[in-house]
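*Asks:* Predicted model follows, preceded by the sequence.
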Amino acid sequence: MAKKSSKTTSSSASGVKPSSLSDATPRKPLIEISEEEQSRLIEQSGVLKKFKGATEGESSALVTEYIEEKLPLPEEIFNASLFIIPFSFLLLMMEILIHQQYRQKPTLNVLIDRMVSGVPILSIFIFYTLRYKSYRVTQILLFAVSILSSSRMIYLINKGPWLKNMQQDPPLATLWILTVVMLDLGPSVLSLLTTGSFVWWKGLKLFF
């Protein structure tokens with residue numbers, strides 16, 4: 001009885017129950033499997049193959065969804081015409097304005113020649129720009145064309161002869177406005193800032 005009481009007093013003094021002492025001891029698993037055996041069992045079960053098949057199915061679904069989002073040709077032509085018509089009138093207006101600037105009266109033949117030569121090129125440019133507008137390469141090209149066309153036009157207005165201005169300013173102005181419209185917001189603002197920096201660096205004027 002004395003031994004039992006000493007054991008109970010020692011366990012109670014330590015504050016730990018005998019049952020908790022038995023539970024705290026780590027237990028070994030009944031069956032020990034090596035890592036190589038585990039990987040072999042996983043491969044035989046086919047879990048990894050099912051996971052790979054699921055991921056491949058999701059990627060193919062994404063590709064299919066992207067293909068389905070492409071517009072049919074009639075809708076592409078319709079969307080392009082929404083830009084071709086106003087920008088064709090813009091080209092015509094620029095042709096009339098450049099003649100008025102140099103006090104020249106534009107004849108009907110001159111206007112027809114400008115539209116016949118300019119509208120087909122403008123239409124092709126708009127159609128393919130709308131088709132590949134979201135591509136990064138397209139945005140880079142539009143950014144470069146915007147800077148080059150705007151800088152060239154402003155430089156010609158300030159330094160070029162009047163005949164060259166009448167020939168090049170209408171298509172350059174139309175191309176500049178078109179590229180700014182087609183660009184995303186960030187590149188569009190950056191192109192305008194770059195053009196403004198060029199004007200300031202060369203000491204050119206925007207208003208006369």
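*Replies:* That came in fine, so what should we check first?
*Asks:* Helices along the chain, start to end?
*Replies:* Applying DSSP state H to the chain gives helices spanning 2-14, 18-24, 35-45, 47-69, 73-101, 108-131, 136-159, 162-182, 185-202.
*Asks:* Comparing these, which comes out most buried?
*Replies:* The highest average neighbour count among these, using mean count of other C-beta atoms under 10 Å, belongs to helix 162-182 at a mean of 19. (Each C-beta comes from the backbone N, C-alpha and C, glycine too.)
*Asks:* Tell me what angle that one forms with helix 185-202.
*Replies:* Taking axes from the mean of the first three to the mean of the last three C-alpha atoms, to 10 degrees, one finds helix 162-182 and helix 185-202 inclined to each other by 150 degrees.
*Asks:* what's helix 162-182 packed up against?
*Replies:* helix 73-101, helix 108-131, helix 136-159, helix 185-202 (3 or more C-beta pairs under 8 Å, 6 or more residues apart in numbering; DSSP states H and E).
*Asks:* Out of the ones you listed, the one nearest R40 is which?
*Replies:* Among the helices and strands packed on helix 162-182, helix 136-159 comes nearest to R40, with 45.6 Å by C-beta to C-beta.
*Asks:* For the closest one, output the C-alpha coordinates as CSV.
*Replies:* Extracted in CSV, the C-alpha atoms of helix 136-159 (Å, rounded to 0.1, in the frame of the first residue of the first chain):
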residue,chain,number,x,y,z
ARG,A,136,1.5,42.8,-78.4
VAL,A,137,3.4,43.0,-81.8
THR,A,138,0.5,45.0,-83.2
GLN,A,139,0.5,47.4,-80.4
ILE,A,140,4.2,48.0,-80.8
LEU,A,141,3.8,48.6,-84.5
LEU,A,142,0.9,51.0,-83.9
PHE,A,143,2.9,52.8,-81.3
ALA,A,144,5.9,53.3,-83.7
VAL,A,145,3.6,54.3,-86.6
SER,A,146,1.9,56.8,-84.4
ILE,A,147,5.1,58.5,-83.4
LEU,A,148,6.6,58.5,-86.9
SER,A,149,3.5,59.8,-88.6
SER,A,150,2.8,62.6,-86.1
SER,A,151,6.4,63.7,-86.0
ARG,A,152,6.7,63.7,-89.7
MET,A,153,3.5,65.7,-90.2
ILE,A,154,4.4,68.4,-87.6
TYR,A,155,7.9,68.7,-89.0
LEU,A,156,6.5,69.1,-92.5
ILE,A,157,4.0,71.8,-91.4
ASN,A,158,6.8,73.8,-89.8
LYS,A,159,9.7,73.2,-92.2
